[in-house]
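A.B. asks: model this:
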Amino acid sequence: MPFRFESLDIWHKAREFSTRIHEITANFPQHELYALASQMNRASDAVCLLIAEGSGLDTNALFGHRLGLAAGETFETVSGSFLARDRHYITAEQQAEIYGAGESLARKINAFRNTLR
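C.D. replies: Numbering: from 1, shown residues only. From the prediction side, this is the model:
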């Protein structure tokens, strides 16, 4: 039997977002391995994981809370992309890609969250 989260478009989008973040941060300098790269990777992973976790909780209020946290982790990842750009770890194009994907994902998460209220 499939898990509830598997049917959610936002979960699939979160997986794509996380995969892309991991691809981009793989090229960060070695000294960022346990710093900004790790933080961005963990935040982008958390988006997907919080959606999955929330989908298995007993109430829509609890699920909605996890979705709020997932949106926050999306914002954190996007904020990290600004730091990465400032430090010349990524190009302006990569930062714009992360920004656009993060904005779209956060909107979808919040729209779905509003359907639970």
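A.B. asks: can we go C-alpha only for contacts and neighbour counts from here?
C.D. replies: Fine.
A.B. asks: Make sure R113 is actually in contact with L69.
C.D. replies: No. With contact defined as CA atoms under 8 Å, R113 does not reach L69; the gap is 11.0 Å.
A.B. asks: which strands and helices sit next to the helix or strand harbouring R42?
C.D. replies: In this structure, R42 sits in helix 36-55 according to DSSP states H and E. With contacts taken as 3 or more CA pairs under 8 Å, 6 or more residues apart in numbering; DSSP states H and E, helix 36-55 sits against helix 9-25, helix 60-86.
A.B. asks: Columns distance to A92 and mean neighbour count on top of the ones you listed, output as a markdown table?
C.D. replies: Compiled in a markdown table, the helices and strands packed on helix 36-55 are given as follows (distance: least, CA to CA, whole Å; neighbours: other CA atoms under 10 Å):
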| stretch | distance to A92 | mean neighbour count |
| --- | --- | --- |
| helix 9-25 | 12 | 19 |
| helix 60-86 | 7 | 20 |
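A.B. asks: if we compare those, which one ends up closest to E103?
C.D. replies: helix 60-86 (8.1 Å; CA to CA).
A.B. asks: Could you point out the helix or strand that follows the closest one?
C.D. replies: helix 92-115.
A.B. asks: quick one on the thing from earlier: with distance to N41 and mean pLDDT added, can I get the helices and strands packed on helix 36-55 in TSV?
C.D. replies: Putting the helices and strands packed on helix 36-55 into TSV (distance: least, CA to CA, whole Å; pLDDT from 0 to 100) gives the following:
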stretch	distance to N41	mean pLDDT
helix 9-25	6	98
helix 60-86	8	98
